[in-house]
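Engineer: dropping a prediction and its sequence here:
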Amino acid sequence: MKFHCRKWIKPEDLNPHKTLFGGRLLEWIDEEAAIYSMCQLEQKSLVTKFISEINFVSSARYGDVIEIGFDTVSLGNSSITMSCIARNKLTKETILSIDQIVFVLLDENGKPKPHGKTMKE
């Protein structure tokens, strides 16, 4: 797993329990997954197709630094599937894991378009 992004937990990222709001973390993951997909496929017209079960393992608190990592699981004809882990940068404790996030490359008409990439690249 390669960790591509770090986020510093600030007051505006917290829920009423003073821990990281899960929706904020999912927003960051979706954005970083899109960037990861664009870099892997060398294309920019990608959309989120599917996110599998989200497993919240532990909390992050104000002042924590978290990192978000991705691994490519598979490449379809027009898609890329990756896994994701968000963890505390200092303790390495997992905060969240997702087995599958799928992005699809679209053509100018919004239809799936082959990307031509293989896992060997």
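Structural biologist: Good, I have the coordinates.
Engineer: in the helix or strand hosting residue 73, what counts as buried?
Structural biologist: Using DSSP states H and E, residue 73 sits in strand 65-75. Within strand 65-75, the residues scored as buried using 16 or more other C-beta atoms under 10 Å are 66-70, 75. All C-beta spots, glycine's among them, are computed from the backbone N, C-alpha and C.
Engineer: and the two most separated of those residues?
Structural biologist: Put simply, by C-beta to C-beta the two of the buried residues of strand 65-75 set farthest apart are 66 and 75, 27.4 Å from each other.
Engineer: give the next helix or strand downstream of the helix or strand bottoming out on mean pLDDT in the chain.
Structural biologist: Ranking every helix and strand in the chain by mean pLDDT, DSSP states H and E puts strand 2-8 at the bottom, with a mean of 93. The first helix or strand that comes after strand 2-8 along the chain, using DSSP H and E, is helix 22-41.
Engineer: got the angle for that following helix vs strand 65-75?
Structural biologist: Calculated by axes from the mean of the first three to the mean of the last three C-alpha atoms, to 10 degrees, helix 22-41 forms an angle of 50 degrees with strand 65-75.
Engineer: how far does helix 22-41 sit from the chain's center?
Structural biologist: Here the centre of mass of C-alpha atoms in helix 22-41, compared against the chain's by C-alpha atoms, centre = their mean, to the nearest Å, lies 4 Å away.
Engineer: could you export that helix as CSV, CA atoms only?
Structural biologist: Taking C-alpha atoms only, helix 22-41 is exported to CSV below (Å, rounded to 0.1, in the frame of the first residue of the first chain):
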residue,chain,number,x,y,z
GLY,A,22,-16.8,10.1,8.8
GLY,A,23,-18.3,12.1,5.9
ARG,A,24,-15.3,14.4,5.8
LEU,A,25,-12.9,11.4,5.6
LEU,A,26,-15.0,9.9,2.8
GLU,A,27,-14.9,13.2,0.9
TRP,A,28,-11.1,13.2,1.1
ILE,A,29,-10.9,9.5,0.0
ASP,A,30,-13.2,10.0,-3.0
GLU,A,31,-11.1,13.0,-4.1
GLU,A,32,-7.8,11.2,-3.6
ALA,A,33,-9.1,8.1,-5.3
ALA,A,34,-10.0,10.2,-8.3
ILE,A,35,-6.5,11.7,-8.4
TYR,A,36,-5.0,8.3,-8.0
SER,A,37,-7.1,6.9,-10.9
MET,A,38,-6.2,9.8,-13.1
CYS,A,39,-2.5,9.3,-12.5
GLN,A,40,-2.8,5.5,-13.1
LEU,A,41,-4.8,5.7,-16.3
